[in-house]
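Peer 1: I need the structure of the sequence given here:
(chains A and B)
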Amino acid sequence: MIEEYRFGTMRVRGREYHGDLKIVNDEVVDGWWRKEGHEVAADDIMDILVMKPRCLVVGTGQPGRMRVAESLKALLLDAGIELVEEPTAEAVRTFNRLRESGGFVAGAFHLTC
Amino acid sequence: MLNMPMLRTRIYFIETSAAEHRSLLCRWVEQCHESGRKVQVLAESGMAARHLDQMLWTFSESSFVPHGIHVPGEEDASVHQVLITVGEVPLGPMDVLVCDAGCSLDFMARFDCVLHFVVKDDPGRRQDSRLMWQKAKDRGFEVLHVPESRNAKMPSRL
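Peer 2: So this is what the prediction gives:
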């Protein structure tokens, strides 16, 4: 589904995006912003939480400065949503692999540092 | 005998303050809408519904959340992705219930997911939320706690 990632740019199904984005239920939600730029909190990914995926893949950027807040990690654990937190290039590969294997997976990707 | 929800409804108990409550509500409605979920917003009165209607148009300069207020018998509710109702009005299939008012567990059980706001600086509402948490848990709902963000102030979109 994600065809290419390079610093600042991601191509998904033939369309290029230049800002952070989420993939929820196979739909791209672009222009993803967070209250704290380099920290992901629960209300930054509410759309993902209400969708109840089995797994959330977070791309933390290149080289990966963004972090998932501890409170969100605890919430995901309670909600039974597996969290994969990786630098974005790796996260893209993980996301595609999980999706191709039929998993109900959501993604949240930081495209820069 | 206790009524168990047919599909296991998940209720998020979201901590906030009275000052931030509706801004946060609008932000969550926006996110649900952007990801294609059908959302019912439950208001306690006509005045509250109109206030929410206004806020959903104005809470963020760059946002666009098409929505309406449900008027019984006047329109087909299914055309709206986001619909505000006064009280517990059963509509067609909706995915997410966002509570700006008190709501029964029986009504919540109609939804896949419910957002309930715990207004921490209002002792009465906080106590209501505690009771609801316990009752929901006892009835087999999935209850999840969302702590208040460190920075509760709403930023503008980047």
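
Peer 1: so what's residue 88 up against?
Peer 2: Defaulting to chain A. Counting by CB atoms under 8 Å, 6 or more residues apart in numbering or on different chains, residue A:88 touches A:5, A:59-62, A:64, A:109-111. Any C-beta I mention is one placed from the backbone N, CA and C, and that applies to glycine too.

Peer 1: wait, chain B
Peer 2: B:42, B:103-104, B:107.

Peer 1: picking that back up, so which of the contacts of residue A:88 is the most crowded?
Peer 2: Neighbour count (other CB atoms under 10 Å in any protein chain shown) singles out residue A:59 as the most crowded of the contacts of residue A:88, with 28 neighbours.

Peer 1: hmm, that one is touching residue A:91, no?
Peer 2: Yes. Under the criterion of CB atoms under 8 Å, residue A:59 makes contact with residue A:91 at 3.5 Å.

Peer 1: common neighbours of the two, please.
Peer 2: Common neighbours of residue A:59 and residue A:91 (CB under 8 Å, 6+ apart) are A:107, A:109.

Peer 1: which stretches of chain A form helices?
Peer 2: Shown for chain A, the helices assigned by DSSP state H span residues A:46-51, A:70-79, A:88-100.

Peer 1: so which of those is nearest residue A:36?
Peer 2: Among the helices of chain A, the nearest to residue A:36 by CB to CB is helix A:70-79 (11.4 Å).

Peer 1: mind listing what's buried in the closest one?
Peer 2: Within helix A:70-79, the residues scored as buried using 16 or more other CB atoms under 10 Å in any protein chain shown are A:71-72, A:75-76, A:79.

Peer 1: out of the residues you listed, who's near chain B?
Peer 2: A:71, A:75, A:79 (CB under 8 Å from any CB of the partner chain).

Peer 1: confidence score at the second one?
Peer 2: Spelled out, it's residue A:75. Residue A:75 is assigned 94 on the pLDDT scale.

Peer 1: nearest residue to it in space, please, no chain neighbours.
Peer 2: Counting by CB to CB, 6 or more residues apart in numbering or on different chains, residue A:75 lies nearest to residue A:42, which is 5.5 Å off, once chain neighbours are set aside.

Peer 1: for residue A:16, see how far away the residue of chain A found nearest chain B is.
Peer 2: Of all residues in chain A, residue A:47 sits closest to chain B, with a separation of 3.7 Å (CB to the nearest CB). Per CB to CB, to the nearest Å, residue A:47 is found 22 Å from residue A:16.

Peer 1: let's see which of the contacts of residue B:88 end up in helices.
Peer 2: residue B:107.

Peer 1: now, the contacts of residue B:88 that are in strands?
Peer 2: Assigned to strands by DSSP state E, the following of those qualify: residue B:42.

Peer 1: list the contacts of the helix or strand containing residue B:132.
Peer 2: Using DSSP states H and E, the element containing residue B:132 is helix B:123-138. Applying CB under 8 Å, 6+ apart, the external contacts of helix B:123-138 come out as B:2, B:11, B:13, B:102, B:105, B:108, B:116, B:118-120, B:143.

Peer 1: and if you look at stretch A:90-108?
Peer 2: For stretch A:90-108, the surrounding residues in contact (CB under 8 Å, 6+ apart) are A:1-2, A:5, A:10, A:20-25, A:32, A:40, A:44-45, A:48, A:51, A:53-60, A:84-86, A:109.

Peer 1: again, only using 7 Å
Peer 2: A:1-2, A:5, A:22-24, A:32, A:40, A:45, A:48, A:51, A:53-59, A:84, A:86, A:109 (CB atoms under 7 Å, 6 or more residues apart in numbering or on different chains).

Peer 1: which of those are buried? Put it as a ChimeraX command.
Peer 2: With 16+ other CB under 10 Å as the criterion, this ChimeraX line picks the buried residues out of the contacts of stretch A:90-108:
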select /A:2,5,22,23,24,32,40,45,48,51,53,55,56,57,58,59,84,86,109
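
Peer 1: tally of neighbours for residue 37?
Peer 2: You didn't pick a chain, so chain A it is. By other CB under 10 Å, 13 other residues sit near residue A:37.

Peer 1: chain B is the one I meant
Peer 2: Applying other CB under 10 Å, we find 22 residues neighbouring residue B:37.

Peer 1: one more: residue B:144?
Peer 2: Residue neighbour count, defined by other CB under 10 Å, stands at 19 for residue B:144.
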